[in-house]
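Chemist: structure, please.
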Amino acid sequence: MERVGLLMSPEPGNPLESEGVLNPATAWGRDGNLYLYPRLVAQGNVSRIGRARVVIEDGRPVGVEREGLALEPIRGWEHGTAHGGVEDPRVSHLASLGVHVMAYVAYGPLGPKPALALSNDGRDWRRLGPITFEYDDELDTDLNMFPNKDVALFPEVVPSPDGRPSYAILHRPMWDLSFARAGEAPPLPLGVEDRRPGIWISYVDQADAVRDLRALTRPHSHRPLATPEHAWEDLKIGGGAPPLRVPEGWLLLYHGVDGQINDLGSFVPQDSVRYVAAAMLLDPDNPARVLARSAAPLLEPSLEAETIGQVCNVVFPTAVEAIEGNWFVFYGMADSQIGVARLERDGAIPCGAPGAAAPDS
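Modeler: Reported below is the predicted structural model:
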């Protein structure tokens, strides 16, 4: 990953952006424009999802033109008690269903929970609703009890564990009930021995989603995918941009976190952590299987915009798009601004890219 530059900063005098613009999704509109969907943070850490047209010059993103809001917290399950809102979107174009799917975090009264919204044109969005994970007795727990973040959908149909054509969903449950039972550590799911947050994968049958798009909010067959391995991700890991299809499988950019969580808890801005960007390769025939993984970060916070901000020392990749033969990664910088980096593979673009051109529908 090679840095290209700063893409978006808070607009002076705009109260909706007073505490930062960060962690964006992207989507190609039916009109041929590339749209950015940044998390906009107002005073009190209240988040909305904005919409902006990406300005492209000489084959690279150089700025944005703001177009207002895509989603704001107007549902009861999106209103937090101390802070809240709608956060950290990721967008996947599911061509086989003819829709863009935005996965986002609804930060409500019980903390962060995942939700989905849909768009037919890559520009205007409607809520599909909160995600409800199907109960799996083999896990000996209900994933719906727990906070969950970093949700992203695979853009293509993949096989489920039993071989059925499915849409796969990445997410990151956190074994923390402090919103409801302060100081109590819940039991881990059966087979899970590491309490640190990691990446999970769940599935929705393609046939069910074709019959009713609301099936996308009811995933099943939950599996842990990856947990922290290296010192630079010792605290936790989580998904980043939606997976990219490459010749060897699925390329997943993710974030790793090290440092120390302060006594205020996991769900407030921290001042002693560091976020880096890394990658793993998933098996195309079994995306719950990791084939390879970064031995070192692909991008670490080093610029002033990445080391000083609402949360210092953060690079947080959330979107990748192909523009004129190059891949560009859109990432949050210190929870305050948005940067762009070029993703290269031996000087060539990876293959099989959603978003390489504006979709037909």
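Chemist: contacts only, for E78.
Modeler: If you count contacts by CB atoms under 8 Å, 6 or more residues apart in numbering, E78 has them with 84-86, 106-108, 115. C-betas here are computed from N, CA, C, even on glycine.
Chemist: per-residue pLDDT, it?
Modeler: Looking at E78, its pLDDT stands at 95.
Chemist: and what of S178?
Modeler: At S178, pLDDT is 83.
Chemist: what's the closest of the contacts of E78 to E344?
Modeler: Set against E344, the nearest of the contacts of E78 by CB to CB is V86 (32.7 Å).
Chemist: all the strands of the stretch 51-200 of the chain, in order from the start?
Modeler: Ranges of strands in the stretch 51-200 of the chain, per DSSP state E, counting those that start in this stretch, are 60-71, 84-94, 99-108, 111-119, 126-130, 148-153, 158-159, 165-173, 199-205.
Chemist: for the closest residue in space to G29 that isn't next to it in sequence, give me phi and psi.
Modeler: For G29, ignoring the flanking residues on the chain, the nearest one in space by CB to CB, 6 or more residues apart in numbering is G122 at 4.0 Å. For G122, the backbone dihedrals (degrees, to the nearest 10) come out as phi 80, psi 10.
Chemist: low-confidence bits of the stretch 201-350 of the chain, can you list those?
Modeler: Scanning the stretch 201-350 of the chain for pLDDT under 70 picks out 262-270, 346-350.
Chemist: all helices for it, in order.
Modeler: Ranges of helices in the stretch 201-350 of the chain, per DSSP state H, counting those that start in this stretch, are 206-211, 304-307.
Chemist: the closest residue to E17 other than its chain neighbours: what's it in contact with?
Modeler: Of all residues not flanking E17 in the chain, P10 sits nearest, at 4.1 Å (CB to CB, 6+ apart). Shown in contact with P10 (CB under 8 Å, 6+ apart): 17-21, 336-337.
Chemist: of the residues you listed, buried ones?
Modeler: Buried by 16 or more other CB atoms under 10 Å: 17, 19-21, 336-337, out of the contacts of P10.
Chemist: report the two of the residues you listed separated the most.
Modeler: Pairwise distances across those (CB to CB) peak at 11.7 Å, for the pair E19 and Q337.
Chemist: for G129, state which of the contacts of P10 is nearest.
Modeler: Using CB to CB, V21 is the member of these that lies nearest G129, at 26.2 Å.
Chemist: against S96, how distant is that closest one?
Modeler: V21 sits 32 Å away from S96, going by CB to CB, to the nearest Å.
Chemist: want to try JSON lines for the helices of the stretch 201-350 of the chain, with mean neighbour count and distance to P297 as columns?
Modeler: JSON lines is the format used below for the helices of the stretch 201-350 of the chain (neighbours: other CB atoms under 10 Å; distance: least, CB to CB, whole Å):
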{"stretch": "helix 206-211", "mean neighbour count": "15", "distance to P297": "35"}
{"stretch": "helix 304-307", "mean neighbour count": "17", "distance to P297": "12"}
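Chemist: pipe those into a markdown table and attach distance to A241 per row.
Modeler: Converted to a markdown table, the helices of the stretch 201-350 of the chain look like this (distance: least, CB to CB, whole Å):
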| stretch | distance to A241 |
| --- | --- |
| helix 206-211 | 22 |
| helix 304-307 | 17 |
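Chemist: closest one to N33 among those?
Modeler: For these, proximity to N33 was assessed by CB to CB; helix 304-307 is nearest, at 25.5 Å.
Chemist: ok, residues contacting the closest one?
Modeler: With contact meaning CB under 8 Å, 6+ apart, helix 304-307 is reached by 6, 301, 313-315, 333-334, 336-337, 339.
Chemist: which of those residues count as buried?
Modeler: Of those, these count as buried by 16+ other CB under 10 Å: 301, 313-315, 333-334, 336-337, 339.
Chemist: closest to G59 out of those residues?
Modeler: Ranked by distance to G59 (CB to CB), the buried ones among the contacts of helix 304-307 are led by G339 at 17.3 Å.
Chemist: wait, isn't G240 in contact with F330?
Modeler: No. Under the criterion of CB atoms under 8 Å, G240 makes no contact with F330, lying 10.2 Å away.
Chemist: joint contacts of those two?
Modeler: Residues touching both G240 and F330 (CB under 8 Å, 6+ apart): 317-318.
Chemist: related to what we said a few turns ago, between the contacts of helix 304-307, which is nearest L291?
Modeler: For those, the nearest to L291 is V315 (24.1 Å; CB to CB).
Chemist: contacts only, for the closest one.
Modeler: 255, 275-277, 299-301, 306, 331-333, 339.
Chemist: P12 - how many residues pack around it?
Modeler: P12 has 7 neighbours, counted by other CB atoms under 10 Å.
Chemist: need the pLDDT of it.
Modeler: At P12 the predicted local confidence, pLDDT, stands at 97.
Chemist: just P189 next, same as before
Modeler: Listed pLDDT for P189 reads 95.
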